[in-house]
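> For reference, the sequence and a predicted model appear below.
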Amino acid sequence: MMHQLTAPSVEYAQSTICAVLPAGTTAHIWLKALQAETPASLSATVGGIEIGVVTTDNIEEFSFRTLAFSQGGETTLSYDPSTTELSIVYCFSRQTAMTDGVRVLYTLPTNAMPDLPGSYHFRPPFGWMNDPNGFGRFGEKVHLFYQHYPHTPRWNTMHWGHAVSDDFLHWTHLPVFLFPPSELSARADGLGGAYSGSAIALPGEQDSVRIFFTEHVKGRRPEEQIQFAMKIEDMISADAAELILPHRPEGLDLMLDFRDPYVFEGPDGRWKMLLGSRDRSGGVILLYETDDPQAAGGWRFIGVLHREDRFKKKPAECPCMVPLGGAPDDPDTRWALIFGLLTSRDLATGRHNIAIATVGRFDGMSFAPDFEQELDFGTDAYAFQAFVDRSGPVGIAWLANWSDVSKDADMPTAMTLPRRLLLRDGALLTPPVDAVLTLRQSPIDTDGLLAGDTVCLGNGMVEIVLHLSSAGNAFRLDFEHPETELSVQLDSEGLSIPFARAGDTIFPRYVAAGARPSSIRIFLDAGSIEVFADDGRWTGTKRLPGFEGVRAARLVAPDGNVAAATIWQLKL
């Protein structure tokens, strides 16, 4: 499995969960009453002595409860399955959570992640996940918060999940971090919750971090979306949040969209905040700033930093902004402004929810674009969020697309491979982080593809590296997948990922028009394909249906067009 969990010593019975827990353990429990007249109840015993009981009479949604175990030993959690339904039980120690993570004792079978040995993309330990939030290095570890609904692999009332890593690839799951307000947690109606945001390390305060997020309540007037912040120090649980932006700026004729605060240090040394919105013409990125070195308050509206009107009244969301290579305070340093356009549709290709990267100069008050490009021609790298790490900017995105989500389809999803951001020859490059080289276990094939053979890909979790004899040489790499027609192709039109599910009659064309790369890296995993051409000059990401791997590959190309082709078995 992708997630790291301490191997539990757990036995399941009809109405008990048994485990050996150390002293100082905290358990997080979600339970729901099955009958209006009988509360749900779960009791905990250690060494045969009852130490606590949690209850709820809510029959509409799982209620969150905690139990603290001051003593360790043989522990039994007991409940009556005729009156009580459990969704999740996990435990952790605050002293060791950053290294040991949470220990999942129980999840509903319908809520569990698929069992995918060898899979190398980040997935939550249970439930639904979408936008990455608060992605950054705090202390020695990289932290990833994310939009999360714990109880089904389907979007609903929003929480924040949380995980940490030392290398961007191996992740340790931490307790659920942000919870919706109690009135929104009472029903599974998706009316709101803790929406997307960001996080910053506070200067001069070791281990102190400030979190920023949108609270959304559908139908609330005058504002559906308002902005909150909180200071945290233990990185395990959230404290009380403070309202920092209760209203949209006036006089701009903005619609209700006002979300996804992204906070970063500007070239003038002040904290800046970007928010996504839209007006009657199109999507807009709003800019705020504060003089407060702790970013706790005093936020003032500067103006509209950027707008995107080509898709008409589609909201800009999930903005982020990072300097590329140079010092932030150097006027010649270019900055990348990246955002998504919700419900946008490219008429030429039929692709939905386009993500845009605009590169230009930023002086702290205004942004002067030099050029613009699509972030990902496959469109399934959405809600991209980046920060400046030790060696430069790194970002990650949700490996999915809202056009695939429906009320009828559960969709366990993943995050993309983390990607670097580079400015080179007038283009933004987004290659995978260098650590992905450590995924290579052994070569599967070095000559079969070149010979035109159909090469078996084993479990389908592989990297394929192609080197062309000349830039732009045509080829087609066909894949055998149980649920879709899939290939990677380079021709006179550009680089594309031809993709069609069974029964499709009309489907988008995922193409980087005009691309003429000379090298291509293709990462296949259960449920995804990621293509990086010429060190990420052109990047394409597609979520694949189901979780069976690609079974085989066959290269079709004129003689001499492909100079080398290698397939690597990958594994964490």
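Received the coordinates, thanks.

> In this structure Y146 contacts D131, no?
Yes: counting by CB atoms under 8 Å, Y146 does reach D131; the two are 6.6 Å apart. Yep, even glycine has a C-beta here, placed from its N, CA and C like the rest.

> Excluding its own residues, what touches stretch 283-290? List them.
245, 249, 252, 254, 258, 266, 270-278, 297-309, 311, 314-317, 319, 337, 339, 341, 364-365 (CB atoms under 8 Å, 6 or more residues apart in numbering).

> Give the buried residues for the helix or strand in which R476 is found.
Under the criterion DSSP states H and E, the helix or strand holding R476 is strand 475-480. Of the residues in strand 475-480, 475, 477-479 count as buried by neighbour count, 16 or more other CB atoms under 10 Å.

> now, which of these sits nearest D445?
The shortest approach to D445 among these belongs to L477, at 12.4 Å (CB to CB).

> The closest one - nearest residue in space that isn't next to it in sequence?
Using CB to CB, 6 or more residues apart in numbering and skipping the chain neighbours, the partner closest in space to L477 is V488 (4.6 Å).

> Phi and psi next, for T99.
phi -100, psi -40 (degrees, to the nearest 10).

> quick one: it from S165, how far?
Plainly put, T99 is 12 Å away from S165 if you go by CB to CB, to the nearest Å.

> Please apply the same query to E223.
Counting by CB to CB, the gap from E223 to S165 is 35 Å.

> same thing with T83?
With distances taken as CB to CB, T83 is found 40 Å from S165.

> just G134 next, same as before
13 Å.

> Common neighbours of these two, please.
By CB under 8 Å, 6+ apart, G134 and S165 have these common neighbours: L144.

> Between these two, which is the more surrounded one?
When neighbours are counted by other CB atoms under 10 Å, G134 comes out ahead of the other of G134 and S165, with 28 against 18.

> Centre of the chain to the helix or strand harbouring the more buried one, how far?
G134 belongs to strand 128-138 when elements are defined using DSSP H and E. From the chain centre to the centre of strand 128-138 is a distance of 6 Å (CA atoms, centre = their mean, to the nearest Å).

> In the sheet, which strands lie alongside that strand, parallel or antiparallel?
strand 141-149 (antiparallel) (DSSP bridges).

> what's R65 in contact with, if anything?
With CB under 8 Å, 6+ apart, R65 has these contacts: 28-31, 42, 54-56.

> whoops, I mixed them up, L191
157, 184, 217-219.

> Equivalent analysis for L490, please.
Taking CB under 8 Å, 6+ apart, one finds 468, 472-476, 496, 515-517, 520 in contact with L490.

> Direction included, what does the one helix or strand it maps to pair against?
For L490, the host element (DSSP H and E) is strand 484-491. With DSSP bridges as the test, strand 484-491 is paired with strand 475-480 (antiparallel), strand 494-496 (antiparallel), strand 499-501 (antiparallel).

> OK, contacts around the residue nearest to W155 when sequence neighbours are not counted?
By the measure of CB to CB, 6+ apart, the closest residue to W155 outside its immediate chain neighbours is W128, 5.6 Å from it. Applying CB under 8 Å, 6+ apart to W128 gives the contacts 148-150, 152-156, 411-413.

> Tell me which two in the residues you listed are the farthest apart.
P150 and M411, at 15.2 Å, using CB to CB across those.

> Same drill for those two, tell me which one is more crowded.
P150 (25 against 17).

> That one against I88, yeah?
Yes: P150 is within contact range of I88, at 5.7 Å (criterion: CB under 8 Å).

> what sits in contact with each of those two?
In contact with both P150 and I88: 30, 62, 111, 126-127, using CB under 8 Å, 6+ apart.

> Count the neighbours of the nearest residue to F387 once chain neighbours are set aside for me.
Spatial nearest neighbour of F387, excluding adjacent residues (CB to CB, 6+ apart): G136 at 4.4 Å. By other CB under 10 Å, the residues close to G136 number 21.

> give the contact list for G136.
142-143, 198-201, 387.

> could the buried residues of strand 475-480 be laid out in JSON lines, adding distance to T172 and pLDDT?
JSON lines is the format used below for these (distance: CB to CB, whole Å; pLDDT from 0 to 100):
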{"residue": "F475", "distance to T172": "40", "pLDDT": "98"}
{"residue": "L477", "distance to T172": "35", "pLDDT": "98"}
{"residue": "D478", "distance to T172": "38", "pLDDT": "98"}
{"residue": "F479", "distance to T172": "32", "pLDDT": "98"}
